[in-house]
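Chemist: dropping a prediction and its sequence here:
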Amino acid sequence: MVLEIAPIKKNIRKLRKLLKKAPRRPSPDEIHDLRTQIRRFEAVLEALNVDSKRNERRLLRRLGRIRKCAGKIRDMDVLTGYTSAVQVDQERDCLVQLLEYLGAERYRRADQLRALMNKYGAELRRRLKRTLARLHKLNLISDPNKNKSGSRDTTPPDAVTFVHKLSSELAAPATLSRKNLHAHRLKIKELRYVLEMADDPGNQKIIDKLGEVKDAIGEWHDWEELIAIATDVLSHGANCKFLRKLKAITNRKYKNALSLTNKIRRDYFSSLDQKKLL
């Protein structure tokens with residue numbers, strides 16, 4: 001596995017562009033793009049072991065706040081879509097009440113995100129530029145245009161260690177449950193981002209599988225969040241038909257996510273040949 005300069009430069013360029021101007025009412029696509037680019041950047045810095053430097057520490061701290069705020073907006077978008085698709089007879093009031101709450105919450109979170117981006121945007125764009133210069137200076141990423149001998153560069157040792165570490169962690173714990181499945185998803189996302197930054201076509205199959213599992217766990221977790229919000233917001237009790245419908249859907253999503261996760265663990269991580277990812 002070789003970490004190439006092109007996708008990393010593209011990631012940083014996109015991030016700098018997204019941070020240049022904060023939209024007043026960001027679209028779901030803009031929110032998704034912002035979160036994804038920040039996640040990719042975080043994974044690459046950790047893989048290359050440069051996340052402890054002063055510039056990068058401050059950069060990651062600020063970006064983390066923006067990512068989390070954008071995540072709240074993304075949650076409202078996704079949950080609004082799920083809520084709108086749930087049809088329960090004689091529970092129209094519950095549906096409307098929940099949709100009104102989700103809409104108001106998205107509006108509030110969007111204002112928070114805009115304030116954060118206006119406050120830190122210019123600083124973060126400068127720090128991203130410094131980070132790219134540091135990666136070049138430390139020779140941590142491969143540039144095919146400068147590799148005149150035509151030979152492949154080797155993966156930085158820290159990146160190899162990072163991939164090994166994540167792969168081992170994905171084989172544990174022995175049993176997954178509702179309590180630890182979402183945390184497991186975060187490791188899946190990290191590994192997938194790093195593999196996407198590599199230049200090995202042989203990794204595409206596992207990248208696709210990791211994406212499928214990531215999405216399934218994420219969908220289940222979103223429905224869990226919707227139940228928690230609905231329980232707080234709606235005035236009906238445990239006998240509310242709308243809540244019962246949400247719980248039934250969530251149980252199906254959990255079973256599907258758990259099945260897919262256990263399959264990829266058996267196929268790739270229970271007796272993983274680490275060389276497949278390097």
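Modeler: Looks like it arrived, so ask away. Since we're looking at a predicted model, the values are computed, not measured.
Chemist: count of neighbours near residue 11?
Modeler: 23 (other CB atoms under 10 Å). Glycine gets a C-beta too; all of them are placed from N, C-alpha and C.
Chemist: not counting its neighbours along the chain, what's nearest it?
Modeler: Closest residue to residue 11 apart from its sequence neighbours, by CB to CB, 6 or more residues apart in numbering: residue 40 at 5.1 Å.
Chemist: what residues does the one you found make contact with?
Modeler: Neighbour list for residue 40: 11, 193, 196, 197 [criterion: CB atoms under 8 Å, 6 or more residues apart in numbering].
Chemist: can I get those in a markdown table including pLDDT and secondary structure?
Modeler: As requested, these are exported to a markdown table (pLDDT from 0 to 100; DSSP: H, G, I helix; E, B strand; the rest coil):
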| residue | pLDDT | secondary structure |
| --- | --- | --- |
| 11 | 93 | helix |
| 193 | 87 | helix |
| 196 | 84 | helix |
| 197 | 77 | coil |
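Chemist: out of those, flag the one nearest to residue 35.
Modeler: Nearest to residue 35 among these: residue 193, at 11.8 Å, using CB to CB.
Chemist: please enumerate the helices of this protein.
Modeler: Ranges of helices in the chain, per DSSP state H, are 5-18, 28-47, 54-85, 92-137, 157-169, 181-196, 204-233, 241-264.
Chemist: the fourth one vs helix 5-18, what angle?
Modeler: With axes from the mean of the first three to the mean of the last three CA atoms, to 10 degrees defining the directions, helix 92-137 sits at 130 degrees from helix 5-18.
Chemist: mind listing residues that contact stretch 66-77?
Modeler: 26, 28, 31-32, 34-35, 38-39, 42, 102-103, 105-106, 109-110, 112-113, 116-117, 120, 124, 222, 225.
Chemist: restricted to buried residues, select the residues you listed in PyMOL.
Modeler: In PyMOL syntax, the buried subset of these is picked out as below (16 or more other CB atoms under 10 Å):
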select buried, resi 26+31+32+34+35+38+39+42+102+105+106+109+110+113+116+117+120+124+222
